[in-house]
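Peer 1: Need coordinates for the following:
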Amino acid sequence: MPPAEQLHNAPEFTVSELSQSLKRTVEDTYGHVRVRGEISGFRGAHSSGHCYFALKDESAKIEAVIWKGVHGRMRFKPQEGLEVIATGKLTTYPGSSKYQIVIEALEPAGIGALMALMEERKKKLAAEGLFDEARKQLLPWLPEVIGVVTSPTGAVIRDILHRLEDRFPRRVLVWPVKVQGEGSAEQVAAAIRGFNALPEGGRIPRPDVLIVARGGGSLEDLWSFNEEIVVRAAAESMIPLISAVGHETDITLIDFVADKRAPTPTAAAEMAVPVRSELFVEVADLGRRTRAYWQRAQESRRSELRAAARALPGAGDLLAIPRQRLDSAGASLPRCLKANTHAHFRRFTAASSKLTLRVLHGQISQADHRLTVCGERLGLSARSLLRRRRDRFAGLEVRLRASKLSNAQAQRNAIARQRERTHRLSERASRALVTLLQRLEARVENSGKLLSALSYRSVLARGFALVRDEAGHPVHAADAIGPNARLEIEFADGRVAATADADRPPPAAKRTPAPTKPTAADAKPAPKRVAKPVDQGSLF
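Peer 2: Down below sits the predicted model:
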């Protein structure tokens, strides 16, 4: 029989059932697998945060997906063209009838991939200028506090402390971090930024130099110091930083951005501080040299002073000529005083001969003439000034009169415009008032109609009546009316007083029923309730 006829009685599957069956088969058979391949079609994280790409080799390709939470925790991020080893769960995607791997861990396939990634990251950071020599700082000659970023349990911190103790003991602050594995890069970057965030003069002293240290290891072990977050934190550090990661042959990206690279952690400690014993020897040598130089200088100055003293003449020889000059001046002083007195007397006599009455009268007449001339000139100037002021005031009067007329005309025009505008506004206000009154009248009329339509009097006009008790309250039920109760019945055309029947039994008080079941003889028919008209709603 043909295969189609043999499966004629086989059970039918829906597409969803078949897809789910295949999904369970693939997941149960393979579960978690490790796949090696090259990343293809990776364009970064999707807008949802998930990553979609493919792993391929020479002859096959498999779709891959990394969920958002897993991608955020990954130390090694996927990149286009890298050969990687992916660990994850094999499953199917029913929406497109294909199988895929949900990656939970990702690592590079071999040293070559890591080196390629490192070179690419190095070019990117170098293009940003993070490796420029101009950005590097000078190390302090003798730091007071040294900050160390390393593991607290390794041999590195012991080597650094031992070397500092031998050379020059300094205060050391250790920031414990993980130096390899997941989360180590974030801890190292946080430690560098934490040391830089310490305030000057705070309770915890701010280091003068930082040492980022780790022992030797493979490229995978040292990969945390190639992460971009660590490199950027080292570049942003305002404290001089020494990189001491691995051995001398180990190269990491933090070595290029650090202010100084040490081949080993011990060498970093040697770079941080000088040797105290050598400083003692150097200071002692400088002291000896300073004292010897001072002694030689004093001896030289003493010899120069003796030579200068021998070359100087005696005090009598130095004062002989000034003494002779003083004696000559003392001898000629009386004669010079008499000559000076005669000269001043002759000058006073000549001046007194010129002071006569004729000269004084001449000077007075000249001063009088000058005063007369100045008075005439002052009068002329005053009359000229008054004339100019009068002409100016006349011009101002003409201009003021013209300005007054033009201002009055402008005010008249403004008043006319305002009068016309007031007339227009009054007309508009009258029209608006009429319109408003019409609208209010229409609203009042509509409200009256609505009130009439909703009033209970329209119900009374259809033949109904309203019953009130003595207090004027409406009565809603017959049980509320006692015997001989005074009532008031309102009809559409008036009100009528009425009295309830005297033989009507009073309304029974509400009592709690006994727990025993009443007998048939004790049972009484329930009072009939007056049914309200079906088409009449509550009036109150």
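Peer 1: Going by C-alpha atoms from here, please, whenever you check contacts or count neighbours.
Peer 2: OK.
Peer 1: And the helix or strand where Ala86 lies, what does it pack against?
Peer 2: Using DSSP states H and E, Ala86 maps to strand 83-93. Judged by 3 or more Cα pairs under 8 Å, 6 or more residues apart in numbering; DSSP states H and E, strand 83-93 is in contact with helix 15-30, strand 32-40, strand 98-108.
Peer 1: Please identify which of those is closest to Ala155.
Peer 2: strand 98-108 (28.1 Å; Cα to Cα).
Peer 1: Can I get stretch 30-44 in CSV, CA atoms only?
Peer 2: Written as CSV, here are the backbone C-alpha positions of stretch 30-44 (Å, rounded to 0.1, in the frame of the first residue of the first chain):
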residue,chain,number,x,y,z
TYR,A,30,20.1,18.1,23.7
GLY,A,31,19.5,20.4,26.7
HIS,A,32,22.6,22.5,27.4
VAL,A,33,25.3,22.4,24.7
ARG,A,34,28.5,24.2,23.9
VAL,A,35,28.8,25.5,20.4
ARG,A,36,31.9,27.0,18.7
GLY,A,37,31.4,29.3,15.8
GLU,A,38,31.8,32.8,14.3
ILE,A,39,29.3,35.6,15.2
SER,A,40,27.4,36.7,12.1
GLY,A,41,24.7,39.3,11.6
PHE,A,42,25.2,41.0,15.0
ARG,A,43,24.0,44.6,14.9
GLY,A,44,24.0,45.4,18.7
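Peer 1: which of the residues in it are buried?
Peer 2: His32, Val35, Arg36, Gly37, Glu38, Ile39, Ser40, Phe42 (16 or more other Cα atoms under 10 Å).
Peer 1: Now do the same contact list for the closest residue to the fifth one other than its chain neighbours.
Peer 2: Nearest in space to Glu38, with sequence neighbours left out and distances taken as Cα to Cα, 6 or more residues apart in numbering, is Glu83 at 4.2 Å. Residues touching Glu83, when contacts are defined by Cα atoms under 8 Å, 6 or more residues apart in numbering, comprise Arg36, Gly37, Glu38, Ile39, Pro108, Ala109, Ala113.
Peer 1: quick revisit: let me have the buried residues of stretch 30-44 in CSV, extended by pLDDT and distance to Arg135.
Peer 2: Formatted as CSV, the buried residues of stretch 30-44 follow (pLDDT from 0 to 100; distance: Cα to Cα, whole Å):
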residue, pLDDT, distance to Arg135
His32, 81, 48
Val35, 88, 43
Arg36, 86, 41
Gly37, 87, 40
Glu38, 84, 38
Ile39, 85, 37
Ser40, 84, 38
Phe42, 85, 35
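Peer 1: Can you tell me which of these comes closest to Ala315?
Peer 2: Nearest to Ala315 out of the buried residues of stretch 30-44 is Phe42 (Cα to Cα; 105.0 Å).
Peer 1: from memory the closest one sits against Leu55, does it?
Peer 2: No: in this structure, Phe42 is not within contact of Leu55 by Cα atoms under 8 Å, at 9.8 Å.
Peer 1: For the residue nearest to Glu38, give its distance to Leu386.
Peer 2: Here the criterion is Cα to Cα, to the nearest Å. By it, Glu83 lies 109 Å from Leu386.
Peer 1: likewise His473?
Peer 2: 104 Å.
Peer 1: Also Ala331?
Peer 2: 76 Å.
Peer 1: And for Gln100?
Peer 2: For Gln100, the distance to Leu386 - Cα to Cα - is 113 Å.
Peer 1: Gly463 now?
Peer 2: 110 Å.
Peer 1: So between these two, which is more surrounded?
Peer 2: A direct count of neighbours by other Cα atoms under 10 Å for Gly463 and Leu386 places Leu386 higher, at 12 against 9.
Peer 1: Just list the residues touching the more buried one, thanks.
Peer 2: Going by Cα under 8 Å, 6+ apart, the list of residues near Leu386 is empty.
Peer 1: Which element, helix or strand, includes it?
Peer 2: helix 357-454.
Peer 1: buried stuff in the helix or strand that that helix is followed by?
Peer 2: As assigned by DSSP H and E, the chain's next helix or strand after helix 357-454 is helix 456-461. Buried residues in helix 456-461, counted by 16+ other Cα under 10 Å: Tyr456, Arg457, Val459.
Peer 1: can you give me the helices in the stretch 51-200 of the chain?
Peer 2: Under the criterion DSSP state H, counting those that start in this stretch, the stretch 51-200 of the chain contains helices at 68-73, 111-127, 155-167, 184-197.
Peer 1: Residues contacting the shortest one, please?
Peer 2: Same thing as helix 68-73. Here helix 68-73 has contacts from Ser48, Gly49, His50, Cys51, Lys77, Glu104, Ala105, using Cα under 8 Å, 6+ apart.
Peer 1: circling back: which one of the helices and strands packed on strand 83-93 lies closest to Asp391?
Peer 2: strand 32-40 (102.3 Å).
Peer 1: quick one, that closest one and strand 83-93 angle?
Peer 2: When axes from the mean of the first three to the mean of the last three Cα atoms, to 10 degrees is applied, the directions of strand 32-40 and strand 83-93 differ by 110 degrees.
Peer 1: and strand 32-40, what does it pack onto?
Peer 2: Strand 32-40 packs on strand 51-56, strand 83-93, going by 3+ Cα pairs under 8 Å, 6+ apart.
Peer 1: May I see these organised as TSV, with distance to Met238 and mean pLDDT added?
Peer 2: Output for the helices and strands packed on strand 32-40, formatted as TSV (distance: least, Cα to Cα, whole Å; pLDDT from 0 to 100):
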stretch	distance to Met238	mean pLDDT
strand 51-56	37	90
strand 83-93	37	85
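Peer 1: Which secondary structure state does Asn484 sit in?
Peer 2: coil (DSSP: H, G, I helix; E, B strand; the rest coil).
Peer 1: Sort the contacts of helix 68-73 by pLDDT and name the bottom one.
Peer 2: Here the lowest pLDDT out of the contacts of helix 68-73 sits on Lys77, with 80.
Peer 1: Work out which residue lies at the spatial centre of the protein.
Peer 2: Ala197 (17.7 Å; Cα atoms, centre = their mean).
Peer 1: and the gap between it and Ile204?
Peer 2: Per Cα to Cα, Ala197 is found 11 Å from Ile204.
Peer 1: With Val281 instead?
Peer 2: 34 Å.
Peer 1: The strand holding Ala86 pairs with which strands, parallel or anti?
Peer 2: With DSSP bridges as the test, strand 83-93 is paired with strand 32-40 (antiparallel), strand 98-108 (antiparallel).
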